[in-house]
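1. Below: sequence and its predicted model.
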Amino acid sequence: MPSKPLLLIDQDGVLADFDQGVRLAWRAQYHSEAPIGPRQHFYLRDDMAPQYHPQLHDIYTRPGFFATLPPIAGAVEALHTLLAHGLDVHICTAPISNYQNCVAEKFMWVEQHLGHEWVSRIILTKDKTWVRGDILIDDKPQISGSLTPLWTQWLYDAPYNRQYHDRRRVCWQDTASWADLLA
Ligand SMILES: Cc1cn([C@H]2C[C@H](OP(=O)(O)O)[C@@H](CO)O2)c(=O)[nH]c1=O
Ligand SMILES: [Mg+2]
């Protein structure tokens, strides 16, 4: 790794809490807990019975969902720290296929939580293997695409990826897990 690596940081599941956003929206609408089983799969729908899939889809495609996702604990502070240490930090995020609200709202989220100057650091792509970088911090355990990636993935810790032990694991609140980046 070069002394100042080019860093790609994923958005949902690393900066913005997609799962918690669904749980909050479900509670607000149905006045009950979201019927989500143990989190074992990356896609939330895979831990929900098929009968609930239309309601789940309705929640994460509706206006306001992506803009109002709560931040992951420690994420905003961590990104400011990384930038202050001179790292070239970019946010590398994929839109959902129903992009109508998601795309603009991902930008709004970054502006609101990180500041306007971070908007120009967003790289929006369906295929992260096309993006250059040294390290990609991402919660998705299997990232596929049409190229061989130039980056190495550090897995952002989540209940649905804990069965993977083949990569470095990062959690913002565990500062030792990313202290090497500041060295
Ligand atoms: C459908 C779904 C999408 N997402 C996020 C991941 C991607 O964003 P990101 O690349 O910022 O992590 C985006 C498109 O799949 O939506 C989840 O995190 N969980 C889900 O269940
Ligand atoms: Mg993600």
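-> Here it is on my side, so go on. Ligands and ions are numbered 1, 2, ... in the order given.

2. What ranges does the chain have for its strands?
-> For the chain, the strands defined by DSSP state E occupy 6-9, 88-93, 122-124, 135-138, 152-156, 169-170.

3. Please identify the deepest-packed of those strands.
-> Mean neighbours per residue, mean count of other C-beta atoms under 10 Å, is largest over these for strand 135-138, with a mean of 24. In this view, the C-beta of every residue, glycine as well, is placed from N, C-alpha and C.

4. CA atoms of that strand as PDB?
-> The C-alpha coordinates for strand 135-138 follow below in PDB (Å, rounded to 0.1, in the frame of the first residue of the first chain):
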ATOM      1  CA  ILE A 135      -8.700   0.300  -1.000                       C
ATOM      2  CA  LEU A 136     -12.400   0.000  -1.200                       C
ATOM      3  CA  ILE A 137     -14.200  -0.100   2.100                       C
ATOM      4  CA  ASP A 138     -17.500  -1.800   1.400                       C
END
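
5. any idea how far the nearest residue to Y164 once chain neighbours are set aside is from L155?
-> Sequence neighbours aside, P141 is the residue nearest to Y164 in space, at 4.9 Å (criterion: C-beta to C-beta, 6 or more residues apart in numbering). Separation of P141 from L155 (C-beta to C-beta, to the nearest Å): 7 Å.

6. list residues touching both of those two?
-> Common neighbours of P141 and L155 (criterion: C-beta atoms under 8 Å, 6 or more residues apart in numbering): 161, 164.

7. burial measure for the nearest residue to I96 once chain neighbours are set aside, as a count.
-> Excluding the flanking residues, the one nearest I96 by C-beta to C-beta, 6+ apart is C102, at 4.9 Å. Residues within reach of C102, counting by other C-beta atoms under 10 Å, total 21.

8. what does N101 give?
-> 19.

9. Wait, it touches D58, no?
-> No: using C-beta atoms under 8 Å, N101 makes no contact with D58, being 11.9 Å away.

10. Show the pLDDT at the residue located most distally from the centre of the chain.
-> Ranked by distance from the centre of the chain (C-alpha atoms, centre = their mean), the top residue is H31, with 26.8 Å. H31 carries a pLDDT value of 98.
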